[in-house]
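Participant: Turn this into a model:
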Amino acid sequence: MSDKNTNDLLVAMRGMTKAFPGVQALENVDFDLRYGEIHALMGGNGAGKSTLIKVLTGVEKPDDGVITLAGREVHVRSPQHAQSLGISTVYQEINLCPNLTVAENILIGREPMKFGRIDWKKLNAQAREILLRVLEMDIDVTQTLGSYSVAIQQMVAIARALEIESAKLLILDEPTSSLSIHETEQLFTVMRKLKGEGVGIIFITHFIDQVYQISDRITVIRNGRLVGTYETVALPRMELITKMIGRTLTVLDEMSKTKVETSKHISKEKVLEAREFGQTGEVEPLDLDLHAGEVLGLAGLMGSGRTETVGLLFGLETPDSGTLTIAGKKVEKFSPYDSIMRGLVLSPEDRKATGIVDDLTVRENIILALQAGQGWFKHLSSQKQYEIAEKYIQMLEIATPSPDQPVKNLSGGNQQKVILARWLATNPQILILDEPTRGIDVGTKAEIQKLVLSLAEEGKACIFISSELEEVMRCSHRIAVLSDRKKVAEFGSEVDEQVVMQSMAGES
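Facilitator: Now for the predicted structure:
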């Protein structure tokens, strides 16, 4: 990477190298960020993006390499030190305090004081002003952060990061993964404003469209090595994807053909039948059918009720209206355990909070549901556990040095695969996937989509949720549309995308 125009560089990282046990996370990687630039950092899951950011922000210490900030060599000792240097970060997994109020989260560590105590009136007023000024967002800042949706929590995290004093470098790690189209546009407006003020922004995302919408340059890393840095306007999209995954992407081209083939295997047999099924205040009574060998897509905007609907089907909550029949038997008792025993499983939207168990290994996470279903007194032998883990590690191409690797050391996409492996190991008949490809690179995303259709071909039924309408339409044999927590339409797979979008928006 050339060092010309060095005076324009806010950050220069040279020869960054970092290894973990069994994994070479970074190998001699260079990265530049200019003043007033939005720079997309791209790569597949496990490529080394997060490690590079953790080195820059002091979370990890590099084994080798030099970091220069504003023309001066720095050794970033900790996240706190990074913050003092003007480096502010919003990570993919929200790391604020859900038990504290929105205002406390925004101004934590910088609370206004009066007579030696926190001035709560001023704190709340300042937080409200920050949200309105920075994000044009008006919410009750005295409510606990945990009482709001993931999308709102993400916006609060961004507002806090933007308010760090003297922030000249902002790192956004998958900031839009939980945001609606409108919220994403709000964020992009803020990013452009900061860019105009000379702030350098590192933008990590798996949304290719957003990269071309907002970024000035793109750096691609793969398998811990630098592929290259490119002006966004000069890099065609398919070329970017090829550089990210190291091969031409044929999987997406095969999807339409695969869906047509799998549709021949859909049975007339209904494995799930919901009638006037709902819960007051959460899901309006709806009808829903699912056949063996079918993928039913749930489309809808943020807050439409998709997650609440599948949570109700899985037994996370108890319905107060209607009936649910699974495999011909009316459901009387609602709980996740009972659902699993019926062969119905749910891969949740928030993999960090309700999916993986951080302190367990990959193997332990994979066999968790199967072991629970058998009962803890019928312990799976060590040999059986390894057989199961190895089977799904190979099937899903989970990037891990061994089954005994702590799952928290894996990339987000590989953690998602571990959750899928956990449920596939139970051999379910009905698989509910809530945002299974959120925050996952385009290559892995296509493989998961293809896996869903291959499961349908085997006779399994699947309910598939994604915020990306194109993905829902690519994978689903039938699409149910939700809006304002009620089902508003249902379409076959040949429906025009514009028609579905109009239904999602509440237009007839």
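
Participant: Contact partners for residue 17?
Facilitator: Taking Cβ atoms under 8 Å, 6 or more residues apart in numbering, we find residue 17 in contact with 26-29, 62-65. All C-beta spots, glycine's among them, are computed from the backbone N, C-alpha and C.

Participant: Which ones among those map onto strands?
Facilitator: Among the contacts of residue 17, DSSP state E puts 26-29, 64-65 in strands.

Participant: Buried ones among the residues you listed?
Facilitator: 26-27, 29, 65 (16 or more other Cβ atoms under 10 Å).

Participant: As PDB, could you dump the C-alpha coordinates of stretch 327-340?
Facilitator: Extracted in PDB, the C-alpha atoms of stretch 327-340 (Å, rounded to 0.1, in the frame of the first residue of the first chain):
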ATOM      1  CA  ALA A 327     -48.100 -32.900  13.200                       C
ATOM      2  CA  GLY A 328     -51.900 -33.400  13.600                       C
ATOM      3  CA  LYS A 329     -51.900 -32.900  17.300                       C
ATOM      4  CA  LYS A 330     -53.400 -29.800  19.000                       C
ATOM      5  CA  VAL A 331     -50.900 -28.100  21.300                       C
ATOM      6  CA  GLU A 332     -52.100 -27.700  24.800                       C
ATOM      7  CA  LYS A 333     -48.800 -26.900  26.600                       C
ATOM      8  CA  PHE A 334     -46.500 -24.100  25.400                       C
ATOM      9  CA  SER A 335     -42.800 -24.000  26.300                       C
ATOM     10  CA  PRO A 336     -39.600 -24.300  24.400                       C
ATOM     11  CA  TYR A 337     -38.800 -27.700  25.900                       C
ATOM     12  CA  ASP A 338     -42.200 -29.100  24.800                       C
ATOM     13  CA  SER A 339     -41.700 -27.600  21.300                       C
ATOM     14  CA  ILE A 340     -38.300 -29.300  20.900                       C
END
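
Participant: buried sites along that stretch?
Facilitator: 331, 334, 336, 339-340.

Participant: Same check on stretch 120-138?
Facilitator: Result for stretch 120-138 [16+ other Cβ under 10 Å]: buried residues 123-124, 126-128, 130-131, 134-135, 137.

Participant: Determine which two of those are furthest apart.
Facilitator: 123 and 135 (18.0 Å; Cβ to Cβ).

Participant: give me the element residue 203 is part of.
Facilitator: Per DSSP states H and E, residue 203 falls inside strand 200-204.

Participant: helix or strand right after that strand?
Facilitator: Following strand 200-204 in sequence order, the next helix or strand is helix 208-214 (DSSP H and E).

Participant: Break this structure down into its domains, please.
Facilitator: Domain assignment for the chain, taken from automatic domain parsing, gives 6-245, 249-343+428-508, 351-427.

Participant: got those domains as a markdown table, with mean pLDDT columns?
Facilitator: Listed next are the domains of the chain as a markdown table, based on pLDDT from 0 to 100:
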| stretch | mean pLDDT |
| --- | --- |
| domain 6-245 | 88 |
| domain 249-343+428-508 | 86 |
| domain 351-427 | 86 |
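
Participant: Thought residue 343 was touching residue 428, still the case?
Facilitator: Yes - with contact defined as Cβ atoms under 8 Å, residue 428 counts as touching residue 343 (5.0 Å).

Participant: Out of the two, name the residue with the larger neighbour count.
Facilitator: Per other Cβ atoms under 10 Å, whichever of residue 428 and residue 343 has more neighbours is residue 428, with 21 against 17.

Participant: Residue 383: how many residues sit nearby?
Facilitator: Residue 383 sits with 8 neighbouring residues when counted by other Cβ under 10 Å.

Participant: wait, what's in contact with it?
Facilitator: Residues near residue 383 by Cβ under 8 Å, 6+ apart: none.

Participant: helix or strand for it, which one?
Facilitator: helix 382-395.

Participant: Restricted to helices, list the buried residues of stretch 327-340.
Facilitator: Judged by DSSP state H, helices contain the following of these: 336, 339-340.

Participant: show me where the stretch 301-450 of the chain has helices.
Facilitator: Counting by DSSP state H, counting those that start in this stretch, residue ranges of the helices within the stretch 301-450 of the chain are 306-314, 336-341, 351-354, 362-374, 382-395, 412-424, 442-457.

Participant: can you redo the ones you listed as JSON lines with distance to residue 276?
Facilitator: Shown next, in JSON lines, are the helices of the stretch 301-450 of the chain (distance: least, Cβ to Cβ, whole Å):
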{"stretch": "helix 306-314", "distance to residue 276": "13"}
{"stretch": "helix 336-341", "distance to residue 276": "20"}
{"stretch": "helix 351-354", "distance to residue 276": "28"}
{"stretch": "helix 362-374", "distance to residue 276": "30"}
{"stretch": "helix 382-395", "distance to residue 276": "38"}
{"stretch": "helix 412-424", "distance to residue 276": "28"}
{"stretch": "helix 442-457", "distance to residue 276": "27"}
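
Participant: Out of those, which is closest to residue 73?
Facilitator: Closest to residue 73 of the helices of the stretch 301-450 of the chain is helix 412-424 (Cβ to Cβ; 31.3 Å).

Participant: on that earlier part again, who touches the strand holding residue 203?
Facilitator: Contacts with strand 200-204, where a contact means Cβ under 8 Å, 6+ apart, come from 10-11, 33-42, 49-50, 53, 92, 168-175, 191, 194-195, 211, 214-215.

Participant: So which of the residues you listed belong to strands?
Facilitator: If you go by DSSP E, those have 10-11, 33-34, 38-42, 169-173 in strands.

Participant: Only whichever of the residues you listed are buried, select them in PyMOL.
Facilitator: Filtering the ones in strands among the contacts of strand 200-204 down to the buried ones (16+ other Cβ under 10 Å) takes a single PyMOL command:
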select buried, resi 10+11+33+34+38+39+40+41+42+169+170+171+172+173
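
Participant: Give me the nearest residue to residue 287, chain neighbours excluded.
Facilitator: Nearest residue to residue 287, sequence neighbours excluded (Cβ to Cβ, 6 or more residues apart in numbering): residue 275, at 5.6 Å.

Participant: what residues are up against that neighbour?
Facilitator: With Cβ under 8 Å, 6+ apart, residue 275 has these contacts: 287, 322-323.

Participant: for it, which residues make a bridge with it?
Facilitator: Here residue 275 shows beta-bridge partners residue 323, assigned using DSSP bridges.
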